[in-house]
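J.: Structure for the following, please:
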Amino acid sequence: MPEKCRVSVCGFDPMLVRGYVKTGYRALWWYLPDDVYNDFKVKPGDKVIGRLLAVYNPKGEKTAEPNEDFRWEASKETGYAVVLPPEVITKYELTEFHFIELVINKINEVDVYPGEEKRTKWWPKEKMKLSYFLPYAAP
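T.: Okay, here's the model as predicted:
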């Protein structure tokens with residue numbers, strides 16, 4: 001298993017996300033682990049390929065276990081952020097207050113740490129219960 005991560009979703013206020021999902025503008029994203037970003041020299045527009053394992057709400061509750069493959073794009077600005085597509089945002093009703101668990105298998109078509117298992121970026125479960133959050137706003 002190349003690089004397993006539990007990351008916080010970052011982005012805009014849910015009301016802005018609601019509009020950005022309709023227009024296709026970058027609304028929500030997550031950040032690559034530093035090691036992956038540096039070792040694979042991720043550039044804007046590179047493809048991050050992996051498997052989405054779990055979605056957690058702002059109360060720290062697991063709301064979905066999709067176990068589905070993804071092919072998402074690194075942001076146009078730095079390549080450090082990976083942009084979540086609108087269909088993923090609406091399917092799992094994501095906000096900037098959610099967390100996702102995933103495995104990064106490849107950057108473009110290059111295997112990430114083949115034969116190794118890394119977990120350098122793992123959001124602690126006890127910090128997944130947020131005291132403040134806004135609900136998802138459907139587009």
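J.: Which SSE is immediately downstream of the helix or strand harbouring residue 21?
T.: Per DSSP states H and E: residue 21 is located in helix 14-23. Using DSSP H and E, the next helix or strand after helix 14-23 towards the C-terminus is strand 28-31.
J.: Quick check: what element follows that following strand along the chain?
T.: Sequence-wise, the next helix or strand downstream of strand 28-31 (DSSP H and E) is helix 34-39.
J.: rewinding a little: and the helix holding residue 21, what other elements does it pack with?
T.: With contacts defined as 3 or more Cβ pairs under 8 Å, 6 or more residues apart in numbering; DSSP states H and E, the packing partners of helix 14-23 are helix 86-92. For the C-beta atoms, the positions are set from N, CA and C on the backbone; glycine is no exception.
J.: Now find how far off-centre the helix or strand that comes right after the helix it packs on is within its chain.
T.: Heading C-terminal from helix 86-92, the first helix or strand you meet, by DSSP H and E, is strand 99-107. The offset between the C-alpha centroid of strand 99-107 and the centroid of the whole chain comes to 7 Å, using Cα atoms, centre = their mean, to the nearest Å.
J.: could you say what helices and strands strand 99-107 packs with?
T.: strand 3-8, strand 47-56.
J.: hmm, who's touching the first one?
T.: For strand 3-8, contacts defined as Cβ atoms under 8 Å, 6 or more residues apart in numbering pick out 30-31, 33, 35-36, 53-54, 98-104, 112-113, 117-123.
J.: do the last one as well
T.: Residues from elsewhere that reach strand 47-56 (Cβ under 8 Å, 6+ apart): 2, 4, 6, 32, 42, 62-74, 82, 88, 92, 94, 98-109, 128.
J.: Wait, residue 89 touches residue 27, no?
T.: Yes. Under the criterion of Cβ atoms under 8 Å, residue 89 lies in contact with residue 27, with a separation of 6.3 Å.
J.: Name the residues contacting each of those two.
T.: When contacts are counted by Cβ under 8 Å, 6+ apart, the set common to residue 89 and residue 27 consists of 17, 21.
J.: burial count for residue 121?
T.: Counted with other Cβ atoms under 10 Å, the neighbours of residue 121 add up to 18.
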